Every structure is written in structure tokens, then in C-alpha cells.
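[1] would you be able to build a 3D model of this:
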Amino acid sequence: MLKKICLGAALSWTGIILYLCLIKASNLPSVDIIYLDKFVHAFFHFVFSLLWFLVLRFYYKNQSSTRLLGIVFFISLSFGITIELFQTFFTISRNGDVIDVLSNTTGALLAILILTLLDKKRLFV
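    Below is the predicted model of the structure:
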């Protein structure tokens, strides 16, 4: 049951990111906080990485955490780059941004760092 909930949460979060990153920029609320967009990207990929790690942990119990974390990082990085390419080539109101990819990467790396620390302290299975 928990396995399906985690998968549903990860798929839903992935869809939310995709939707929010590809809709017309003027449809998003405007907030005048410097670099807020970059923190949002990092947060998106932080949660993305946590959720997908949990999913992989449920489905591939015999794999090492290190291997699963590497896979999650690769998936997060690839997903972030793909979204930026979609923004560049398939939307008229959005532009891809290398700094967004760096923000995505920062969020994913922070999640991996936390998961690694939790794994070393045996705080999760």
C-alpha cells in the first residue's frame, strides 16, 4: 500500500513540476523576491529526488542506496534539462535557463546529501 502511495506521490509531483514549468509564464503569480524562481527550482528537485528515491527503494530493495541515489540524481538532472529544452523549443512564453538547471541540480544534490546522512545513521530502511 505504501509503495503505491509513494509511486502516486512521485508521479503527481513530476506532473506538477512539468505543468508549472511549461504553462504560460503570465499565468503564474508574480512575486518580487530576488531569485525566488531559483529557490523554487531547487525545492522542486529536492522533493522530486526524495520521492523517486523512496519509490526506487520500494521497488529495488536489493540495490544499494548509493546506486539508487546515483540513478535518482541522473533522473532529476535529465528531467530538469528536458524541461529547459521544452521551454526553449516548445513554448513561446518561456525560455530555457542554464541557471535553472544548476538550481535543479542543487536541490537534487541536497536531497541526496540528506538521504546519505540518514542512511548512515540507519534512520530509514
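
[2] show me the contacts for the spatially most central residue of the chain.
    Central residue of the chain (C-alpha atoms, centre = their mean): residue 45, 2.4 Å from the mean position. By C-beta atoms under 8 Å, 6 or more residues apart in numbering, the contact list for residue 45 reads 76, 79-80, 103-108, 111. To be clear about C-beta, it is placed using only N, CA and C from the backbone, and glycine gets the same treatment.

[3] how does it look with 7 Å?
    Residue 45 makes contacts with 76, 80, 104, 107-108, as judged by C-beta atoms under 7 Å, 6 or more residues apart in numbering.

[4] using TSV, lay out the residues you listed together with distance to residue 2.
    Listed next are the contacts of residue 45 as TSV, based on distance: C-beta to C-beta, whole Å:
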residue	distance to residue 2
76	22
80	27
104	27
107	24
108	23
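
[5] list the buried residues in the host helix or strand of residue 48.
    Following DSSP states H and E, one finds residue 48 within helix 36-59. Buried residues in helix 36-59, counted by 16 or more other C-beta atoms under 10 Å: 38, 40-42, 44-57.

[6] repeat that for stretch 102-122.
    103-112, 115, 119.

[7] please, where are all the helices along this protein?
    Secondary structure of the chain, counting by DSSP state H: helices at 2-22, 36-59, 65-90, 98-120.

[8] just send those helices back as a markdown table, with mean pLDDT and distance to residue 30 too.
    Converted to a markdown table, those look like this (pLDDT from 0 to 100; distance: least, C-beta to C-beta, whole Å):
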| stretch | mean pLDDT | distance to residue 30 |
| --- | --- | --- |
| helix 2-22 | 96 | 14 |
| helix 36-59 | 96 | 10 |
| helix 65-90 | 96 | 18 |
| helix 98-120 | 95 | 17 |
